[in-house]
Each structure stands twice: as C-alpha cells, then as structure tokens.
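In: starting from these lines, generate the structure:
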Amino acid sequence: MSEARLVRVVGALAEAAPLGEAALYELVRVGRRGLLGEVIRLDGERATIQVFEETGGLALEEPVARTGETLAAELGPGLLGSIYDGIGRPLPALAERSGPFLAPGGAGRTLDPSSRWAFQAERRRGDEVAGGDVLGWVEERPGIRHRILVPPGAAGRIDELVSGEFTVDDPVGALEGGTPLRLAHRWPVRRPRPVAEHLAGDRPLLTGQRVLDFLFPVAEGGSVAVPGGFGTGKTVIEQSLAKFAEADVVVYVGCGERGNEMADMLTEFARLRDPRTGRPVLDRTVLVVNTSNMPVVAREASIFLGVTIAEYYRDMGHRVALMADSLSRWAEALREIAARLGEMPGEEGYPTRLADRLGKIYERAGRVRAAGNPAREGSLTFVSAVSPPGGDFSEPVTQASLRVAGSLWALDPALANQRQFPAVDLETSYSLYAERTNEWFAREVGEDWPELRRRMLDLLQRDRELREISALVGPEALEDRDRLVLEVARLAREIVLGQNAFDPVDAFSPPAKTLRLAALTLAVLDEAGAGVDAGRPLDRIDLQRAWQPIRLVRDAREEELEARSSEAARAIEAACGGAAPEPTS
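Out: So this is what the prediction gives:
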C-alpha cells in the first residue's frame, strides 16, 4: 500500500489517505515533524485525524504514519509530584528542550526512564497471579507505598520475581511463557479500568469546608458539579480541596485554564505542607495541565488522562480525589471538533453526544473493591468545575452534569461579591449523599450531627422567607422571634458556613469544629428564643456577648477548641439568661 498523505487540513483536524486499514482512535504521526494525532473518523480510504499539537505549517502531501497504538497512559512509580500536558508528556522536560512554549512534534516519556526504584517483592516463584494482583511495592514518595500491579488482562504462574533497584523499563520478573513483569504498564485512557466490585458510598470525603461537609457532603467515590460564573471562586474551591481534602492522592486537571493561575498553583503547592504528613502537598499530587493557549484538541484528552491516572491509584487501595477545572472548556473542545467534522449541532452548538460523553466521565468515579489479591478498597471522587456563560445554569454542560452528578455546589456571584467563601448558593445546591453519610458523622463526630444539620437547614429556609417579607415591610415590622431568626441566620452564614481561604487556621475546618460552631449557634437561637417566648424583649438580650466567643471558637486551633467552646457556652448562658447546653463532640 502506498504511503498515506495529507489531503486536507482545517485547524486541528486533518484528513489523510489512504488509511483504510487504520482503526478508530488509533494514534498516527502527522507531517514531517511527527505531530501526534488520533483517528476519529473513517470514510473508505480517507481518515479524519484530530491533531493534539499546533498544526501551523502543515502542508498537503506531507506523510502520515500509523503507530498501531491508542492513546494510553504510562502508569507506574514517578507520577506523584509530576506535571504533564494533556497527552501525558512531562512539561518540565519539554521546557528544558524547547523553552516555555511547547514546540510541535516534541516527544517525552510520561515516566522518567532513568529513575531507579527500590522494589520489594511480595510474591514468589510458582504463585498464580492475574490482572490486578499485587506483585510488591516501591516507596514512591516518603510514606507513600506504590503497589506494583499485574497489568489487567495478564495472568499466569510466576517464573521469576526478584527484589532490587530497577527502572520502569527493567523486568523485575516474568510469567511462565516469557511474559515480562515490569514496574510500569500502559492502559488506554478511554477505557475504564476493571474492578472486582462496586461498593456503596457511605463514608464522606472530608473537604475541610464547613458548608460542604455540613450541608452538602460528598461521599468517597461520589461526583460533584461545581457550576459558577466568572469570579465566583470555582478554582479557589478546587485548589482548597486539593490542599486539604482527606484524600491519599489528588489528581488535578487544569483544562483550558489561564496559564498564570496554573503557575501560581504550582508555586503554592510546592511550598504548602500537608497537615497530616508534614510533606509538601505536591508529593501526593499529579498535575495534568492544558492551559488556554495549548492546542484545543488536547483538552479533550486531558480529562481522560487524569481519570485513568486516578483509577490507577484507586486500584492500589488509595482514596483519590480528581479535580477537573473545568469541564466547560473540555466541552468547548468537543464543540469545536464536532463543528469541523460537520456534525449536526445540538443545543448552543454542542454536539448531540455531549450528555453521553459527560456521563461516561462522571461514571468512572466510584468506591470499589479492586481486582486482584490481596483485597483492597479504593475510591475515586470526581469534583468538576463548570463555567456556564453568564452564570446561566440552564446551559447544556451544566444541565448534562446535573443529570449524573450526586452533588451540586452552585456558586452565587452575589455571595462572591460580598466576600463570602465558599460562595455556595444554599437555595440551589444539594447533595444526594447526605442521608448516606449521616450515620458516619453521627458515629465518628457527634451523635447530634444529623439533627443539627436538619435544624440548620430549617433555620436558613426560614431566614430566606423572612428576608423576603422584610424587604417588603421592613425589619422593624417583624416580631422579635422573627428578628432573632434573622440575626442568628446571619451569624450562621458568617461564622459557620463562611471561611477564610487564606487564613492558616480557618482555611481547613475539622468536622469537630464544624459541629461545635453549629451547636453553639443554634444554642443562641434556643436560649434567646426561650427568653423572647417568656416575654423578654429582644433588645434586652445582649447577643453581642455571645457572638465574639463563638468567633473565637472559629479561630481556635485544635488544642484550644475544648476550652473556647466552654467559654462560648458560658457567654451564651450569660447573654440569653438561660442554660446553654455544651456541644457534644
């Protein structure tokens, strides 16, 4: 067969012929510079290719070569602490060769082939193994064991397996028949990794954000959509979760975001310390970066690369949090590709398959029992930012996300302008995981957690109703009991639900502090309300004496929490004239 040549180039799409023997989603090398592309349509001998790199300078009749491979992630030790582009090339290595801007045709291995890892074997010769079984481990980062797995699909009896120092390309052993075993293997990014069993998500992923953990929790293995207009704090929330969420591994995908934001995040992650280990947060983080000036087609691949890496660490038995910022930029890449392919446009020009493609990504989240032995449970929690144009939640990407996401953290620009963080819209947001996680919170944090959560939601609902009435008749026309509700709800929004992302103490709130703040705030409502019901004017109740001690509880470090909570309880009793109950822990 004659060599395939370019016959048409339109932006990131190219057509080549003859390529009738190519497979759908097969990788090809395009042009004399060897740009990486992927076959996305076959029509007789003509193939349509989406090119993952800048196509400027491509000319007709340049050669196109098949690789016989699909887009796959190289999975093994060395991923943590690394920074990759949307197709898995290490950005620091590319920058050393070509400078701060990617040169077309640049190639780079995902894993450093020169790094050596101390492998400790846990299996021996003669053991029967299958895909997902643990062969041994290496210490990828201090305190983080990277389990070496038998690649999915491989099986047999171990002929040889030895401990020692190896690179990712060196065989550490072999199966009978000669199949080599290495520290790394490849996996197609568009195919979910196999698991033994999907498990129910009944344990929350603690985020350290009070409004999220208390009112709108997400279960480990759950999925969350975070829609919000420009400036509402989507990126700050995702970066806060990457820093403080109770996850063993974080995979952060910057999809189409501004380069200066990603640069700031990299700088901060390098110096920020993990409060649990004292190590840099970057030690447990994998960064996939496709900024707004990088080729648009690579955005579409970056999400799949991030999910595949997250699934790999999940299969080791880790709790993994995947942050995608943002899915709207990913959907825009789909729209651009579909338009150039001449597909029938759907709503707002997005392809009609948008909801199907989004659903396949969200469904890769979950809590599972990993395939293979020994038994391991892992989870992949997916948190995706969505950037609806003009903050319109009725647009297609947001609506498609809501159909499959288990939680919605809707961000309100009005709250963001009031410097409320997180700027979560309490009326629109919801969580389908709240009932499932209540038992865990009641057992591990405090038995009154579910009741306090219910009462806080009731308080905020009543506050919303009263603010609408107050806007019509004025606050002075309200009864004392209703004015008390407005005042306590204001305190709850400020102290319980709001946080300072830049305060070293308040940026992360353990659930014990959240519980105490909620209990103390509702104690004010109970004690002052009892006084009002007994005929005591609200103006005679010195609520300010209670507010400041509760603020001190908010600003307390863990070792100060007990003492300051007791002081706040006494202040409530003195201010309201009743006995304020001690919050349970």
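
In: all contacts plus neighbour counts: C-alpha atoms, from now on.
Out: Noted.

In: which residue is the nearest non-sequential neighbour of P345?
Out: P351 (5.1 Å; C-alpha to C-alpha, 6 or more residues apart in numbering).

In: if you count neighbours, what's buried in the helix or strand of the chain with the lowest mean pLDDT?
Out: Between all helices and strands in the chain, the lowest mean by mean pLDDT, DSSP states H and E belongs to helix 259-271, at a mean of 78. Buried residues in helix 259-271, counted by 16 or more other C-alpha atoms under 10 Å: 259, 262, 268-269.

In: A324: what secondary structure?
Out: Applying DSSP: H, G, I helix; E, B strand; the rest coil to A324 yields a three-state assignment of strand.

In: what distance do you get for it to L91?
Out: 18 Å (C-alpha to C-alpha, to the nearest Å).

In: those two - which one has more neighbours?
Out: A324 (27 against 21; other C-alpha atoms under 10 Å).

In: mind listing what that one touches?
Out: Contacts for A324 (C-alpha atoms under 8 Å, 6 or more residues apart in numbering) come out as 252-255, 303, 382-385.

In: out of these, which sit inside helices?
Out: I303 (DSSP state H).

In: CSV please, covering the contacts of A324 and showing pLDDT, neighbour count and distance to R279.
Out: Shown next, in CSV, are the contacts of A324 (pLDDT from 0 to 100; neighbours: other C-alpha atoms under 10 Å; distance: C-alpha to C-alpha, whole Å):
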residue, pLDDT, neighbour count, distance to R279
Y252, 92, 25, 18
V253, 92, 31, 22
G254, 88, 29, 23
C255, 86, 28, 27
I303, 93, 29, 27
F382, 96, 29, 24
V383, 95, 27, 24
S384, 93, 24, 26
A385, 91, 26, 27
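
In: format the contacts of A324 as JSON lines; extra columns: distance to L13.
Out: Shown next, in JSON lines, are the contacts of A324 (distance: C-alpha to C-alpha, whole Å):
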{"residue": "Y252", "distance to L13": "27"}
{"residue": "V253", "distance to L13": "24"}
{"residue": "G254", "distance to L13": "23"}
{"residue": "C255", "distance to L13": "20"}
{"residue": "I303", "distance to L13": "20"}
{"residue": "F382", "distance to L13": "30"}
{"residue": "V383", "distance to L13": "30"}
{"residue": "S384", "distance to L13": "27"}
{"residue": "A385", "distance to L13": "27"}
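
In: CA atoms only: put the one helix or strand P92 maps to into CSV for me.
Out: P92 is part of helix 91-98, with elements assigned from DSSP states H and E. These are the backbone C-alpha positions of helix 91-98, laid out as CSV (Å, rounded to 0.1, in the frame of the first residue of the first chain):
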residue,chain,number,x,y,z
LEU,A,91,6.2,19.6,30.9
PRO,A,92,9.4,20.3,32.8
ALA,A,93,11.3,18.0,30.4
LEU,A,94,9.8,19.7,27.4
ALA,A,95,10.5,23.1,28.8
GLU,A,96,14.2,22.2,29.2
ARG,A,97,14.4,21.3,25.5
SER,A,98,12.1,23.9,23.8
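
In: report the buried residues of it.
Out: 91, 93-94.

In: burial measure for the closest residue in space to L327 that isn't next to it in sequence, as a count.
Out: Spatially, and ignoring its direct neighbours in sequence, L327 is nearest to V386 (5.4 Å; C-alpha to C-alpha, 6+ apart). Neighbourhood size, V386 [other C-alpha under 10 Å]: 26.

In: so V386 bridges to which residues?
Out: For V386, the residues forming beta bridges with it (DSSP bridges) are P227.

In: quick one: the buried residues of helix 91-98 as CSV, columns for distance to V30 and pLDDT too.
Out: Converted to CSV, the buried residues of helix 91-98 look like this (distance: C-alpha to C-alpha, whole Å; pLDDT from 0 to 100):
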residue, distance to V30, pLDDT
L91, 21, 87
A93, 22, 86
L94, 19, 83
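
In: A375: which of those is nearest?
Out: L91 (35.5 Å; C-alpha to C-alpha).

In: phi, psi for the closest residue in space to that closest one that isn't next to it in sequence please.
Out: Take L91 and drop its neighbours on the chain: the residue closest to it by C-alpha to C-alpha, 6+ apart is Y84, 5.3 Å away. Dihedral angles of Y84 (phi, psi; degrees, to the nearest 10) stand at phi -130, psi 160.

In: quick check: Y84 touching L94?
Out: No. The pair Y84 / L94 is not scored as a contact, 9.7 Å apart, by C-alpha atoms under 8 Å.

In: how about the helices in the stretch 351-500 of the chain?
Out: Assigned by DSSP state H, counting those that start in this stretch, the helices in the stretch 351-500 of the chain fall at 354-362, 396-404, 413-417, 434-444, 449-473, 480-491.

In: strands of the stretch 51-200 of the chain, start to end?
Out: With strands called from DSSP state E, counting those that start in this stretch, the stretch 51-200 of the chain shows them at 63-70, 72-75, 83-84, 117-121, 128-130, 134-141, 144-149, 155-161, 164-166, 171-175, 180-182, 185-188, 195-199.
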